[in-house]
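Undergrad: sequence unavailable; structure follows:
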Ligand SMILES: Nc1nc2c(c(=O)[nH]1)N[C@H]1C(S)=C(S)[C@@H](COP(=O)(O)O)O[C@H]1N2
Ligand SMILES: [Mo]
């Protein structure tokens, strides 16, 4: 009994965070009456779940979230693509904490649908400018020394619908082609070492086993640096959505190069200029030329709470939360503005801060009920500062689809609703 009582007293003598919010919520559960209730042996009322035993073990052989979390799901934008086989679903960033995306909520991007592959029949072929061509089974691949690394994947088209104007009033749809997992597999350099690179080797082509046979060219330097051939995702096998049984993971680079259902690696001395690096994943610049091989996802951040899906309940004290990331390495700092970029305040970075991984930031905010414009700006370890949309447009115009890493502004209205806006 003494614990709760002492807690209540402590709360009274110090500044209470919940008091204002709870009163506004009608005081039903956490209102002033809660102070007295905390001195009883249990919270007021006796709910059904306390009156009888619950379900037994292995009632759910593979666990899933509470039924009360049923709205926390991947969603798509139906008008965006002609078919669901060549489409994308978005991660509900507004409902997630920390930096890891649960496997069932990892965003999906398919060019020709999800391949469902029998791992016993899957093969990875390595050929081209190497000494020993290889055809590896999954068992072969799992015998190589393994590594586990936490990295994000972001489709370069994330935010691509916002180049001209703010049109999607949703964090899930403006930023949800972004997820982060702990990946387990073999370093690509280990496999290339096993195959023996010839000295003319300069480029590597990677290809998927899906109906799109998606393929991309990668410079050998990146392949030998930090690329992984992975079979594990957050401690279990890759999900089919993420390329089961095997995918390439190219840390920090546009998601498209992280080829799923990986079946072939060819070593050459020049790029292949595949469809996905000529017709797509290039950007039309204002002078009519197209930029290609724009691989790196540069520093970016977004406030995940509040956001259009998570309005502000009432004036009071809040913790503003968000995510920051950079394809060049670690996030060094995140600044947050509450007045549309006039004043900036340093946010706290939550540990761990990992290279080419999502980083969580927080900052306290007392909302006075007045209109506000919230935005976050990431700085990475190279010193690169996340740009405004106005600055990006000065260089790249309004035609691009890819690599919109601009500062996201959320407008808070006096009723607490949150809107996706852009500042001139
Ligand atoms: N084989 C294959 N690999 C692929 C794709 C694909 O359609 N086929 N989509 C790519 C694109 S465009 C992106 S953004 C990422 C998305 O990875 P995810 O679906 O695991 O989120 O996978 C890439 N790898
Ligand atoms: Mo993508």
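TA: Thanks, I have the structure now. Source: prediction; values computed, not measured. Ligands and ions are numbered 1, 2, ... in the order given.

Undergrad: beta partners for the residue in the chain positioned nearest to ligand 1?
TA: In the chain, the residue found nearest to ligand 1 is residue 208; the distance is 2.3 Å by C-beta to the nearest ligand atom. Glycine gets a C-beta too; all of them are placed from N, C-alpha and C. As for beta bridges, residue 208 partners with residue 262 under DSSP bridges.

Undergrad: make sure it is actually in contact with residue 262.
TA: Yes. At 6.2 Å, residue 208 counts as touching residue 262 under the criterion of C-beta atoms under 8 Å.

Undergrad: these two: who's more crowded?
TA: residue 262 (26 against 23; other C-beta atoms under 10 Å).

Undergrad: so how far is residue 370 from residue 52?
TA: Going from residue 52 to residue 370 by C-beta to C-beta, to the nearest Å gives 49 Å.

Undergrad: which of the two has more neighbours?
TA: Neighbours per residue, other C-beta under 10 Å: of residue 52 and residue 370, the larger number sits with residue 370, 10 against 6.

Undergrad: in a strand, the more buried one, correct?
TA: No. Going by DSSP: H, G, I helix; E, B strand; the rest coil, the assignment for residue 370 is coil, not a strand.

Undergrad: pLDDT score for it?
TA: You'll see residue 370 listed with a pLDDT of 98.

Undergrad: list the contacts for it?
TA: residue 414 (C-beta atoms under 8 Å, 6 or more residues apart in numbering).

Undergrad: and the gap between it and ligand 2?
TA: As judged by C-beta to the ion, to the nearest Å, residue 370 and ligand 2 stand 39 Å apart.

Undergrad: show me where the stretch 151-300 of the chain has its helices.
TA: Remark: helices assigned in the stretch 151-300 of the chain by DSSP state H, counting those that start in this stretch are 171-175, 188-195, 220-225.

Undergrad: residue 383 in helix, strand or coil?
TA: Under three-state DSSP, residue 383 comes out as coil.

Undergrad: tell me how many other residues crowd it.
TA: Neighbours of residue 383 using other C-beta under 10 Å come to 9.

Undergrad: need the contact list for it.
TA: residue 332.

Undergrad: thinking again about what came up before, contacting residues for the residue of the chain closest to ligand 1?
TA: Neighbours of residue 208 in contact, by C-beta under 8 Å, 6+ apart: 115, 214, 215, 243, 259, 260, 261, 262, 263.

Undergrad: let's have those in a markdown table, adding distance to ligand 1.
TA: Converted to a markdown table, those look like this (distance: C-beta to the nearest ligand atom, whole Å):
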| residue | distance to ligand 1 |
| --- | --- |
| 115 | 7 |
| 214 | 4 |
| 215 | 8 |
| 243 | 6 |
| 259 | 4 |
| 260 | 4 |
| 261 | 5 |
| 262 | 7 |
| 263 | 9 |
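
Undergrad: let's see if you can find the most crowded of those.
TA: Going by other C-beta under 10 Å, residue 259 tops these with 29 neighbours.

Undergrad: which parts of the stretch 201-350 of the chain sit against ligand 1?
TA: By the rule C-beta under 6 Å from any ligand atom, the part of the stretch 201-350 of the chain lying against ligand 1 is 208, 210, 212, 214, 241, 242, 255, 256, 258, 259, 260, 261.

Undergrad: any chance of CSV for those residues, columns distance to residue 420?
TA: Shown next, in CSV, are those (distance: C-beta to C-beta, whole Å):
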residue, distance to residue 420
208, 33
210, 33
212, 31
214, 31
241, 27
242, 28
255, 22
256, 25
258, 27
259, 32
260, 30
261, 34
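
Undergrad: among the residues you listed, which ones are in strands?
TA: Using DSSP state E, the subset of these located in strands is residue 208.

Undergrad: which among the residues of the stretch 201-350 of the chain next to ligand 1 are in contact with ligand 2?
TA: Among these, the residues that sit close to ligand 2 (C-beta under 5 Å from the ion) are 255, 256.

Undergrad: care to break this structure down by domain?
TA: According to automatic domain parsing, the chain comprises the domains 84-291, 300-421.

Undergrad: format the ones you listed as JSON lines; extra columns: distance to residue 46.
TA: Shown next, in JSON lines, are those (distance: least, C-beta to C-beta, whole Å):
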{"stretch": "domain 84-291", "distance to residue 46": "30"}
{"stretch": "domain 300-421", "distance to residue 46": "28"}
